[in-house]
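A.B. asks: What follows is a predicted structure for the sequence shown.
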Amino acid sequence: MDGIWPAAVFRLDMPPTAADRRLARPLDRMERQGNEFRERLRAGFLAEAARQENRIYIVDADRPPETVQDEIRRIAKSYLATQARTDNPRLLTDTNSHNPYTARFHAHGILASNAALNWTARSHA
């Protein structure tokens, strides 16, 4: 990605068996690899998150969507407040918005907003 990385990543985590219970569709090619494969894949993601704990946030997704969404909002709000206090030049507040969760990450051109956070509840209900 030409040296461009997201400033913050939310890893929505749950055991494969719990994820299977939520699926309302046939398993895809990766999901059909079986639980042992999926557990190894999950372990790899969690290990990477442990190496980058200030950038990758693990969110327990094996809870009601509203609870997951609330946790993402809490982490995002804390992250954005921390970045604002450190005068991070990558962080520019969107002055056209009255939404405290809206901020532009200037260096990466990423927009984090209520709409993105609401995706959690709509997509995983």
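C.D. replies: Nice, thanks for sending it over. As the structure is a computational prediction, the values presented were derived from the model and not from experiment. Numbers count the residues shown, from 1 in each chain.

A.B. asks: Where does pLDDT dip in this structure?
C.D. replies: 1-2, 86-125 (pLDDT under 70).

A.B. asks: Burial check on Ile4, number of neighbours?
C.D. replies: 9 (other CB atoms under 10 Å). Yep, even glycine has a C-beta here, placed from its N, CA and C like the rest.

A.B. asks: Helix, strand or coil: sort out it for me.
C.D. replies: What DSSP: H, G, I helix; E, B strand; the rest coil gives for Ile4 is coil.

A.B. asks: Report the secondary structure state of Asp62.
C.D. replies: coil.

A.B. asks: close enough to count as contact, it and Met14?
C.D. replies: Yes - using CB atoms under 8 Å, Asp62 is in contact with Met14, at 3.9 Å.

A.B. asks: so where do the helices sit in this protein?
C.D. replies: For the chain, the helices defined by DSSP state H occupy 16-22, 35-51, 65-85, 114-123.

A.B. asks: Show me which positions of the longest one end up buried.
C.D. replies: Going back to what we said before, that points to helix 65-85. 65, 68-69, 71-73, 76, 79-80, 83 (16 or more other CB atoms under 10 Å).
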